[in-house]
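Participant: 3D model of this:
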Amino acid sequence: MSLIFVVAAAAPPPSSSSSAAYSLIRGGGIHRFKLHLAEKGGDIESCRKVPAVVRHRFHQSIEELRSKKRKTQEQYAKSYNAFDEVEREFDEIERNEIQQQQQKSGVPAPSSRKGKQVKGLQSYFPSATTPRAQPTIKNVLQSKEIVEKCDIAIAKWMMDAFVPFNAVNSAYYQPMIDAIASMGAGYKGLNYPKVCGYLLSKLVEDVRKIIDGYREIWKQTGFYCPKGTIFLKSVDAFNVSKTADALFKLFRDAVLFVGLENVVHIVTENAANYVAAKRLLEAEFPKLYWSPCAAHSVNLMFQYIGKLQEVSETVSQASIITKYIYNHCYPLFLMRKFTGRREILHPAPTQFATIFIALLSILAQKDPLRAMVTSKEWTSSTYSKEAKAKIFVDQVLDSEFWSQCTDIVKLTEPLVRVLRIVDNEDRDAMDFLYQEIYKAKGEMVKRFQKRKKVADPYLKILDTRWDAQLKKNIHAAGYWLNRAFRFNAEEFEKHRQTTSGLFDVIDKYAYGDPNLNSKVTSEMRIFKNAEQNLGRLSAIRERNTVMPDQLDLEDDRDDDGANNSMENANQT
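Facilitator: Next up, the predicted model:
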C-alpha cells in the first residue's frame, strides 16, 4: 500500500496546494489520506477521480486495520474485561476521585499545565489501594474470573513455597497486596539476594528504632513494661558448652544491651549451671534480681509427683484405656457417641502436666465409658471378642482404678490451676504466684483432712520445690503490692512475713542510692495507707482488677481533696 501511496502522491498538479489523484487535501495525516482515497466519507472530502483499483486497495487496507484493532480489543476485553476506550474512561474517573480526595484533605490539586510534574507514588492510588477505601468503578466491574485468577496465583505461590496457610492472618499481608497493586503492571518481585541482604538489614534497623522507642518506658516501669514485651535477639550457641561462665557472658551482654538501670528481674531455668551463672551475675550487678521460671518449676513438681508409685500405676492403667480407644475406629466412634463427642485427651502447657490433665479428662467421662462397654452396641460388636478389648473393658470397670484416679485428680487439680496461671502469656503472674501456691497447698490439705497420709507425699514435693527454688523475695513483694491481697485484712494477716521480703527487694533495687531508697519507701507508705490517688473511690472499687502500675501515685488535687480521699479510704 505504501508503494501505491507514493505513486499517487508523486504527481501533484501545478497549484501550490497538495493533492492526490487530482483532488485537493487540506492538511491531515496518513490515515486521513487513506480515508480520502477510499471515499469513506464523514468529515473528509472524498476523491472523485481516484481509480477504482486504488480505491478498492485502500478500502481493504482500512478494513484490515480496523479488523486487526477489533481483534486486539476483544482479546484485551477477554483477559481484563475492558476495552481501551473504557480504560481511558476509568482513568479519567480515578483522576477525578484523586482530585476530590486531595481537596478534602487540603492537598493542592496538581496543576493542569503541561510539563513534567514530580509526585509521590501514593498520590496516584489513594482511593484504590488504601484499606476500606470506597472501590472505584473499575474495581467493581472486574470479572470474577480475573479475581479468581489472582487468588489462584497467590495460593500457588504459597503452596509451592510451603508458606503456612495462617500467614494470610498476618497484619502485613493485606498491606503487601495493596502495595503491589499500587505499583501497577510490570512490577517484578523480590529476588533472594535483595531479601536476605539489603531489605533484611533495613528491617533490622527498623526494629532497632522500635526498641529505642521502648527505652523511655523502660526507665519508668522496667524492662517488663506496659508498652509490651519484645524479642531482643537470638544467639547461635550450638557450638558453645553451657557452662556457668558461658551463660554468664550471654546474660551479661543482654544486661548491658538493655541497660542495667532498666533491668528489674532475670528469669532462667533452674538447672545447676544456670544457678551458678546467676551467682556470677549478681556478683557483678548487685541490683539485679534472679528467679527460676515459675512454669518450669511447677512442671518439675508434676514430674516428681508422677514418680510416686500409686501415680505411675494409675497412669499406666489409664493409658490402656486411651491407647485402645484412639487406636481403633469403632471404639473411638462409640466413645464419642456416649460422651457427646467429648475427647479424653487434652493438650497441657507442659509434658509432665499432660498426664494429670488426661486423668482429669478420663475421670470426667467415667460414667459414659462404663455405659459404653456395657451397651448392646459394644457387646454385639466383633471388637468386644478380642483379647485387648477384654483388658480394656476390665480396666474401665475397675472400681479401684477410678478411686485412685479420683484421689490423684483432687490432689493435683489445684497445681494444674497454678500452672495455667503462671504459663499465661496474656498477663504477668508475678504478683499472683505467692498467693496461688499457698492457696493450692491449702486446698490440698482441706480435701484430705481425714486422709492426711494420702496427701503427705504431694505436699512434701510441693514444699520442697517451693522452698528450694520458687520462694523468692521478689514473689513476696509481688504479693504485698497486689491490691487484691494487700487491702484484704484477713488474707494479708496470713502472710505478714511478705513485708520483710518487700524491704529486701527495695534495698536491692536502691543499692548504693539512699535517696532512691527513701523515695521508694515513701511511695510504699502511700500505697499501704491508700493515700492520694490510691484513696479515690474509683481506685478502691478497682482493687481487684487494676494493678498499681496503672495508677498515678502523685496527687494533683488540693488538700481538701486529699483529706476527703483519706476519709473514704478509712471508711472502707
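
Participant: Strands of the stretch 201-350 of the chain, start to end?
Facilitator: 265-268, 289-292 (DSSP state E, counting those that start in this stretch).

Participant: Quick check: which of those is buried the most?
Facilitator: strand 289-292 (a mean of 20; mean count of other Cβ atoms under 10 Å). (Glycine included, C-beta is placed from N, CA and C.)

Participant: Which pLDDT value does the model give the residue most central in space within the chain?
Facilitator: Closest to where the C-alpha atoms of the chain average out (Cα atoms, centre = their mean) is residue 170, at 7.2 Å. Looking at residue 170, its pLDDT is 93.

Participant: Going forward, the N-terminal residue is numbered 359.
Facilitator: With 359 as the first residue, the last one maps to residue 528.

Participant: quick one on the thing from earlier: with mean pLDDT and distance to residue 795 added, can I get the strands of the stretch 559-708 of the chain in a markdown table?
Facilitator: As requested, those are exported to a markdown table (pLDDT from 0 to 100; distance: least, Cβ to Cβ, whole Å):
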| stretch | mean pLDDT | distance to residue 795 |
| --- | --- | --- |
| strand 623-626 | 86 | 16 |
| strand 647-650 | 85 | 13 |
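
Participant: Output these in JSON lines; the columns should cover distance to residue 503.
Facilitator: Rendered in JSON lines, the data for the strands of the stretch 559-708 of the chain read as follows (distance: least, Cβ to Cβ, whole Å):
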{"stretch": "strand 623-626", "distance to residue 503": "56"}
{"stretch": "strand 647-650", "distance to residue 503": "60"}
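
Participant: number of nearby residues for residue 553?
Facilitator: Other residues near residue 553 come to 12 when the count uses other Cβ atoms under 10 Å.

Participant: One more: residue 749?
Facilitator: Neighbours around residue 749, by other Cβ under 10 Å: 13.

Participant: and it, what is it in contact with?
Facilitator: 678, 682 (Cβ atoms under 8 Å, 6 or more residues apart in numbering).

Participant: Any regions of the stretch 559-708 of the chain where pLDDT drops low?
Facilitator: 579-586, 704-708 (pLDDT under 70).

Participant: roughly how far apart are residue 403 and residue 391?
Facilitator: Distance of residue 403 to residue 391, computed by Cβ to Cβ, to the nearest Å: 11 Å.

Participant: Between these two, which is the more surrounded one?
Facilitator: With neighbours defined as other Cβ under 10 Å, residue 403 and residue 391 compare such that residue 391 has more, 19 against 14.

Participant: Would you mind listing the buried residues in the helix or strand harbouring that one?
Facilitator: Using DSSP states H and E, residue 391 sits in helix 388-396. Going by neighbour count (16 or more other Cβ atoms under 10 Å), the buried part of helix 388-396 is 391-396.

Participant: Counting by contacts, list what it packs against.
Facilitator: Applying 3 or more Cβ pairs under 8 Å, 6 or more residues apart in numbering; DSSP states H and E, one finds that helix 388-396 contacts helix 360-367, strand 377-378, helix 410-438.

Participant: Let's see that with 10 Å instead.
Facilitator: helix 360-367, strand 377-378, strand 381-382, helix 410-438 (3 or more Cβ pairs under 10 Å, 6 or more residues apart in numbering; DSSP states H and E).

Participant: mean confidence for that helix?
Facilitator: 72.

Participant: Return it as PDB; C-alpha atoms alone will do.
Facilitator: Extracted C-alpha coordinates of helix 388-396, given in PDB (Å, rounded to 0.1, in the frame of the first residue of the first chain):
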ATOM      1  CA  ILE A 388      -1.600   9.300   6.500                       C
ATOM      2  CA  HIS A 389      -4.900   7.800   8.000                       C
ATOM      3  CA  ARG A 390      -6.900  10.800   6.700                       C
ATOM      4  CA  PHE A 391      -5.200  10.500   3.300                       C
ATOM      5  CA  LYS A 392      -6.300   6.800   3.100                       C
ATOM      6  CA  LEU A 393      -9.800   7.700   4.000                       C
ATOM      7  CA  HIS A 394      -9.800  10.400   1.300                       C
ATOM      8  CA  LEU A 395      -8.700   7.900  -1.400                       C
ATOM      9  CA  ALA A 396     -11.100   5.100  -0.100                       C
END
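
Participant: what's the distance between that helix and the middle of its chain?
Facilitator: Put simply, helix 388-396 sits 67 Å off its chain's centre (Cα atoms, centre = their mean, to the nearest Å).

Participant: likewise stretch 512-519?
Facilitator: 22 Å.

Participant: Contacts for it next, please.
Facilitator: For stretch 512-519, the surrounding residues in contact (Cβ atoms under 10 Å, 6 or more residues apart in numbering) are 521-523, 525-526, 531, 535, 547.

Participant: any chance of the residues you listed in a markdown table, plus distance to residue 623 and secondary structure?
Facilitator: Compiled in a markdown table, those are given as follows (distance: Cβ to Cβ, whole Å; DSSP: H, G, I helix; E, B strand; the rest coil):
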| residue | distance to residue 623 | secondary structure |
| --- | --- | --- |
| 521 | 37 | coil |
| 522 | 34 | coil |
| 523 | 38 | helix |
| 525 | 34 | helix |
| 526 | 37 | helix |
| 531 | 36 | helix |
| 535 | 42 | helix |
| 547 | 45 | coil |
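
Participant: can you pull out the helices in the stretch 809-930 of the chain?
Facilitator: For the stretch 809-930 of the chain, the helices defined by DSSP state H, counting those that start in this stretch cover 810-823, 831-838, 841-844, 847-851, 856-867, 872-886, 895-899, 917-929.

Participant: average pLDDT for the fifth one?
Facilitator: If I follow you right, that is helix 856-867. Rounded mean pLDDT across helix 856-867 is 84.

Participant: do the longest one as well
Facilitator: Averaging pLDDT along helix 872-886 yields 82.

Participant: Please parse this protein into its domains.
Facilitator: Domain assignment for the chain by automatic domain parsing gives 360-438, 503-541, 602-650, 651-804.

Participant: Out of these, which gets nearest to residue 595?
Facilitator: Shortest distance between residue 595 and these, using Cβ to Cβ, is found for domain 602-650: 7.1 Å.

Participant: Next up, the contacts around the residue nearest to the centre of the chain.
Facilitator: Contacts of residue 528 by Cβ under 10 Å, 6+ apart are 522, 534.

Participant: mind checking how far it is from residue 552?
Facilitator: Distance, residue 528 to residue 552, by Cβ to Cβ: 20 Å.

Participant: Equivalent analysis for residue 542, please.
Facilitator: Distance of residue 542 to residue 552, given as Cβ to Cβ: 20 Å.

Participant: And residue 863, by the same measure?
Facilitator: 50 Å.

Participant: neighbour count winner among those two?
Facilitator: Per other Cβ under 10 Å, whichever of residue 863 and residue 552 has more neighbours is residue 863, with 22 against 11.

Participant: So the more buried one is in contact with residue 879, correct?
Facilitator: No: counting by Cβ atoms under 10 Å, residue 863 sits too far from residue 879 to count as a contact (11.6 Å).

Participant: pLDDT below threshold where in the stretch 709-858 of the chain?
Facilitator: 783-786.

Participant: Can you show me the helices along the stretch 609-758 of the chain?
Facilitator: Under DSSP H, counting those that start in this stretch, the stretch 609-758 of the chain gives helices at 630-642, 652-664, 667-684, 687-696, 709-722, 724-731, 734-737, 745-754, 757-780.

Participant: Okay, buried residues for the shortest one please.
Facilitator: Going by neighbour count (16+ other Cβ under 10 Å), the buried part of helix 734-737 is residue 736.

Participant: Who are the packing partners of that helix?
Facilitator: helix 687-696, helix 724-731, helix 745-754.

Participant: And for the fourth one?
Facilitator: Using 3+ Cβ pairs under 10 Å, 6+ apart as the contact criterion, the elements in contact with helix 687-696 are helix 667-684, helix 724-731, helix 734-737.

Participant: All set now, cheers.
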